[in-house]
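Student: Any chance you can model this:
(2 chains)
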There are 2 protein chains.
Amino acid sequence: MSLLVVGSVAFDSVETPFGKRDKMLGGSASHFSLSASYFTDVRVVGVVGGDFGEEEKKVFVEHSINTDDLERVENGKTFRWRGRYDYDLNTAHTLDTQLNVFADFKPKLSQESKRCRLVFLGNIQPDLQREVRGQVMDAELVALDTMNLWISTTRDSLIETIKGVDVMIINDAEVRQLVDEPNLIRAAHKILGMGPNALIVKRGEYGAALFTPDSYFAIPAYPLESVFDPTGAGDTFAGGFMGYLSSQASIDEPAMRRAMIFGSVMASFNVEEFGTDRVRRLTYPEINDRFRAFKRMTHFEEILFESAANTIKQ
Amino acid sequence: MSLLVVGSVAFDSVETPFGKRDKMLGGSASHFSLSASYFTDVRVVGVVGGDFGEEEKKVFVEHSINTDDLERVENGKTFRWRGRYDYDLNTAHTLDTQLNVFADFKPKLSQESKRCRLVFLGNIQPDLQREVRGQVMDAELVALDTMNLWISTTRDSLIETIKGVDVMIINDAEVRQLVDEPNLIRAAHKILGMGPNALIVKRGEYGAALFTPDSYFAIPAYPLESVFDPTGAGDTFAGGFMGYLSSQASIDEPAMRRAMIFGSVMASFNVEEFGTDRVRRLTYPEINDRFRAFKRMTHFEEILFESAANTIKQ
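Tutor: Residues are numbered from 1 along each chain as shown, chains lettered A, B, ... in the order given. Now for the predicted structure:
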């Protein structure tokens, strides 16, 4: 029972109104695998440069994340991203991107990686995602993330990739952009019509929703009084979601709903501190306590309206 | 067990990408009382002009809404609002507002109105809201709506009014504007600190949230493939919420949570057709079916994470 993720491993530099940090471990595959590691065995496919040191590697090792397929280009530099968040923390302003070794990234999967039960295609160029997807044809579930850049620049390739996956995990602006439809519900059904059996829409502070062809499930975000650094929240959500699913013998809708909660739980911890600081030292009681909090904040009794007024007014 | 609403009764003219309608029954008190009438006895305090005819009055009569305190100024004209919605339907663009008889509206409460158990102060000038509030000191629960105009032009008076109410029902932009705080959770607690025991935040397509000093409850909106006319959705929500509460012997948090669902149910019907068209012909099976749909779309099992991986990784 293991989970494969393909994506970026990066050094992030982040400025928020609350502080500033340089060269933190970041990237989609890092946030994803760290989050998933609390629930299952994870393997990372990615690339780093010679500047990727013991300090960064330790985070993977300590969480038993398999890095056999994390390629190391000794004479290259690791992907770097620098960004700033303003006071509302909703939008990341990219100040600088240096793709470095990531520019020529060609995912290489070992035999062990090809045999993973679940696969997450992190936000990389859709041709590469499809190439990986073609190598994991026995996977029980393949999920996909993408971003506005690929929707606008490599749309046809992306749609081809979407046809071949089971679950798509993107944010609400991307849903609307992908099918050019402002109504989220109609947009979601258009995407399901392309191939996936399930679409998960990340809505930031408003939570997340799960669409299948014949069901809808929506949850709020965990109410945080302070969001410190939102970088990686989406990948941390996906890691919790896929990691939890990977731990379950049967991947049915009840399991996917609980996976949505665990994904939200992990994302809520991620934004509490810079980079991976909070998630890397989580405990299971902390995770389960916050799962319970989601139940408390969404529960209501199913008591239909049957009063005297009802009888009178019918 | 009755419910009082003070607010506007208006003629609305609305343009949406789907069509156009003139001189429909509108206004906060109309949408509110129609929605609430499915759950409880409602009394309206408001003002109309000589142009308010039998056609419009019939909607109130047919839903047993008491209009004894709906003042009629024979030589005046009813409040008129004309607005347009663009394709995304999220923002109303006001094209024309004619206050007419509403400009000099002084709410007059009969003895029966003063004895109502629950009171909703619809979106009118906060001095007037406070004057009404002063006349219903025996009410078990008084709720308040407001808008961006009063927050920016009569802020001090509004804050004085907020001090005297039990529940505040406003949208998320208004929450942030009122206390100048971008984080909704912190903003909500600041408002609770002003006096109310509960704050309900309407989030449009994202649903609604209930804040109390020590709890949080959040629900999604009903997923609609087509929103036809969003005018009055907020007041219809408030009507369902307060109407349901009014039908309950005990107004505790479980009742408030169910009331949030009934409010959302009513609002979801309201936006399906122009004006009050859909809500005025609702049936109890339709209302209860949609209540059940809310349960289906929010339910998940509370199963904590306790797998083999858990034991291994601890």
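Student: mind listing the helices for the stretch 101-250 of chain A?
Tutor: Along the stretch 101-250 of chain A, counting by DSSP state H, counting those that start in this stretch, helices occupy A:111-114, A:126-133, A:148-153, A:155-163, A:172-179, A:184-192, A:233-246.
Student: I'd assumed A:Val42 was in a helix, is it?
Tutor: No: per DSSP: H, G, I helix; E, B strand; the rest coil, A:Val42 lies outside any helix segment and is strand.
Student: So what pairs up with it in the strands?
Tutor: Beta bridges link A:Val42 to A:Leu3 when assigned by DSSP bridges.
Student: okay, it: pLDDT?
Tutor: If you check A:Val42, the pLDDT there is 98.
Student: show me the contacts for it.
Tutor: A:2-5, A:33, A:36, A:65-66, A:243 (Cβ atoms under 8 Å, 6 or more residues apart in numbering or on different chains). Heads up, the C-betas are built off the backbone N, CA and C, glycines and all.
Student: tell me which of the residues you listed is nearest to chain B?
Tutor: Nearest to chain B among the contacts of A:Val42: A:Gly243, at 8.9 Å, using Cβ to the nearest Cβ.
Student: out of everything not next to it in sequence, what's closest to A:Pro220?
Tutor: Nearest residue to A:Pro220 in three dimensions, chain neighbours excluded: B:Ala218, at 3.4 Å (Cβ to Cβ, 6 or more residues apart in numbering or on different chains).
Student: Tell me the buried residues in the helix ranked longest in chain A?
Tutor: With secondary structure taken from DSSP state H, chain A has its longest helix at helix A:253-270. Neighbour-count burial for helix A:253-270, counted by 16 or more other Cβ atoms under 10 Å in any protein chain shown, picks out A:255-270.
Student: now the angle between helix A:233-246 and that helix, please.
Tutor: Put simply, helix A:253-270 runs at 140 degrees to helix A:233-246, going by axes from the mean of the first three to the mean of the last three Cα atoms, to 10 degrees.
Student: by contact count, what packs against helix A:253-270?
Tutor: With contacts taken as 3 or more Cβ pairs under 8 Å, 6 or more residues apart in numbering or on different chains; DSSP states H and E, helix A:253-270 sits against helix A:28-36, strand A:208-212, strand A:215-219, helix A:233-246, helix A:284-298.
Student: From the contact counts, what lies against the first one?
Tutor: Right, helix A:28-36. strand A:2-6, strand A:41-49, helix A:54-62, helix A:233-246, helix A:253-270.
Student: gap between the first one and the chain center?
Tutor: The one in question is strand A:2-6. 12 Å (Cα atoms, centre = their mean, to the nearest Å).
Student: mind saving the C-alpha coords of the following helix or strand past that strand as CSV?
Tutor: Downstream of strand A:2-6, the first helix or strand assigned by DSSP states H and E is strand A:10-16. Extracted in CSV, the C-alpha atoms of strand A:10-16 (Å, rounded to 0.1, in the frame of the first residue of the first chain):
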residue,chain,number,x,y,z
ALA,A,10,12.3,23.5,-4.1
PHE,A,11,13.9,26.2,-2.0
ASP,A,12,11.3,28.8,-1.1
SER,A,13,11.9,32.3,0.1
VAL,A,14,8.8,33.9,1.6
GLU,A,15,7.8,37.3,2.8
THR,A,16,4.6,37.8,4.7
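Student: So what touches the next helix or strand after strand A:10-16?
Tutor: Sequence order places strand A:19-26 as the next helix or strand after strand A:10-16, per DSSP H and E. Around strand A:19-26, the neighbours that count as contacts under Cβ under 8 Å, 6+ apart are A:9-14, A:56, A:59, A:80-81, A:231-232, A:274-276.
Student: quick one: least confident helix or strand in chain A?
Tutor: Using mean pLDDT, DSSP states H and E, the weakest-scoring helix or strand in chain A turns out to be helix A:308-313, at a mean of 48.
Student: Distance check, A:Val5 against A:Ile65.
Tutor: Distance of A:Val5 to A:Ile65, given as Cβ to Cβ, to the nearest Å: 9 Å.
Student: So those two - more neighbours on which side?
Tutor: Legend: neighbour count by other Cβ atoms under 10 Å in any protein chain shown for A:Val5 and A:Ile65, higher for A:Val5 (32 against 22).
Student: Would you agree that one is in contact with A:Phe32?
Tutor: Yes: when contacts are counted by Cβ atoms under 8 Å, A:Val5 is listed as touching A:Phe32 (4.8 Å).
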